[in-house]
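Asker: Quick one: sequence plus predicted model below, questions after.
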Amino acid sequence: MYDKVKWPADQEPKISAIYALNDIDIKAPAEVVWKLLVDAKNWGSYFPPEDQVEILSGETELVLGNNWSRVTIGFLMHLTVTEFVPNHRLAWKTTVDDDNTNSTAYHGWVITPTEDGVHVLTEETQQGEWFLKILGHKHPGGLYAYHQEWLECLKTAAERIAAVK
């Protein structure tokens, strides 16, 4: 049994218009996977769609409470890290620039050790008209597909790093 994301009450999947859960087994230590996740400015090196990340609060990597931005599927989003347990849990809350509907998203990652590496689970919920209009109606299943590609790229990068250590 693997751990799942700890949801804030206003982001629970049961009240969310859009929800995706993806997971994958990776043959690499948790520290390698963690480093790839918190080094957000370099996500584009292994997952090209995430090549426009900027940490706004001065740190070089994601840490608890820092503010950052990214361009995802062509939209500028602002994010805040809300959960940070090194080598185990990472989560952030998202708002979209130029959105006047107060739409939000919550995205979490959980890394669980296994016999030969780790199990990585990622879940995201999205609430509000903006996400429903832009993603839900125009790209049904798009969030799941995007996260699955991200996980597969994370796996490839982590296993490549682990193989040379």
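Answerer: Perfect, I can see it now.
Asker: Residue 124 in helix, strand or coil?
Answerer: With DSSP: H, G, I helix; E, B strand; the rest coil as the basis, residue 124 sits in strand.
Asker: Can you give me the buried ones in the helix or strand of the chain with the lowest mean pLDDT?
Answerer: Ranking every helix and strand in the chain by mean pLDDT, DSSP states H and E puts helix 129-131 at the bottom, with a mean of 92. Buried residues in helix 129-131, counting neighbours by 16 or more other C-beta atoms under 10 Å, are found at 130, 131. (C-beta placed from N, C-alpha, C; glycine too.)
Asker: how distant is that helix from the center of its chain?
Answerer: 18 Å (C-alpha atoms, centre = their mean, to the nearest Å).
Asker: List of residues touching it?
Answerer: 17, 18, 96, 99, 101, 103, 105 (C-beta atoms under 8 Å, 6 or more residues apart in numbering).
Asker: next one: stretch 31-41
Answerer: 26, 43, 46, 50, 53-55, 60-63, 68, 70, 86-88, 90, 109, 111, 118, 120, 154, 157-158, 161-162, 165.
Asker: residue boundaries of the helices in the chain?
Answerer: 30-38, 129-131, 142-164 (DSSP state H).
Asker: Looking at the contacts of stretch 31-41, which are in strands?
Answerer: Among those, the members falling in strands (DSSP state E) are 26, 53, 54, 55, 68, 70, 90, 109, 111, 118, 120.
Asker: can I assume the last one is in contact with residue 108?
Answerer: To tie it back to what came earlier, the one meant is residue 120. No - counting by C-beta atoms under 8 Å, residue 120 does not reach residue 108; the two are 11.2 Å apart.
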